[in-house]
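Peer 1: Kindly generate the corresponding structure for this input.
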Amino acid sequence: MLTATNHTLEKLELLLKSAGYRVRYERGNFKSNSCLLQHNKMVVINKFSNLESRISAMAELARTLEMDANLLDDKQLAFLQQLKQTSLAL
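Peer 2: Residues are numbered from 1 along each chain as shown. Next comes the predicted model:
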């Protein structure tokens, strides 16, 4: 389970950025607190959502996206595997 801290949010942002995605915080009326623009490799997070919602939206996107393992370092790969295992445990 992920803790709702700024450190966790920063780790998720860094994971997505290392995989080639741009992370932006914008206002919007998307229902899941996030929006993924596939062709631009951009993740847009609702800037009005709380910390826990931001973390859960980014974690869900990180679980479902296909990321190139060559772009990630060992710690990021381990974190990604932990995210995917957490999804399986639910």
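Peer 1: So in that sheet, which strands flank the worst-scoring helix or strand of the chain on mean pLDDT, and in what orientation?
Peer 2: Counting by mean pLDDT, DSSP states H and E, the weakest-scoring helix or strand in the chain turns out to be strand 34-37, with a mean of 72. Sheet pairing for strand 34-37, assigned by DSSP bridges, gives strand 42-46 (antiparallel).
Peer 1: Which stretches in this protein count as helices?
Peer 2: With DSSP state H as the criterion, the chain has helices at 6-18, 51-64, 74-89.
Peer 1: buried set for the least confident helix or strand of the chain?
Peer 2: For strand 34-37, the buried set under the neighbour-count rule, 16 or more other C-beta atoms under 10 Å, comprises 34-36. (Glycine included, C-beta is placed from N, CA and C.)
Peer 1: try stretch 45-59
Peer 2: By neighbour count with 16+ other C-beta under 10 Å, stretch 45-59 contains the buried residues 45-46, 49, 53-59.
Peer 1: returning to what we had before: of all the helices of the chain, which lies closest to E26?
Peer 2: Smallest distance to E26 across those (C-beta to C-beta): 12.3 Å, for helix 51-64.
Peer 1: returning to what we had before: wait, which of the buried residues of strand 34-37 is closest to R27?
Peer 2: R27 has its nearest neighbour among these in C35, at 11.3 Å by C-beta to C-beta.
Peer 1: who's in contact with the closest one?
Peer 2: Contacts of C35 were listed using C-beta atoms under 8 Å, 6 or more residues apart in numbering, and they are 28, 43-44.
Peer 1: Identify the residues contacting the residue nearest the centre of the chain.
Peer 2: When C-alpha atoms, centre = their mean is applied to the chain, the residue found nearest the centroid is M58 (2.7 Å). Applying C-beta under 8 Å, 6+ apart to M58 gives the contacts 9, 12-13, 16, 23, 34, 43, 45.
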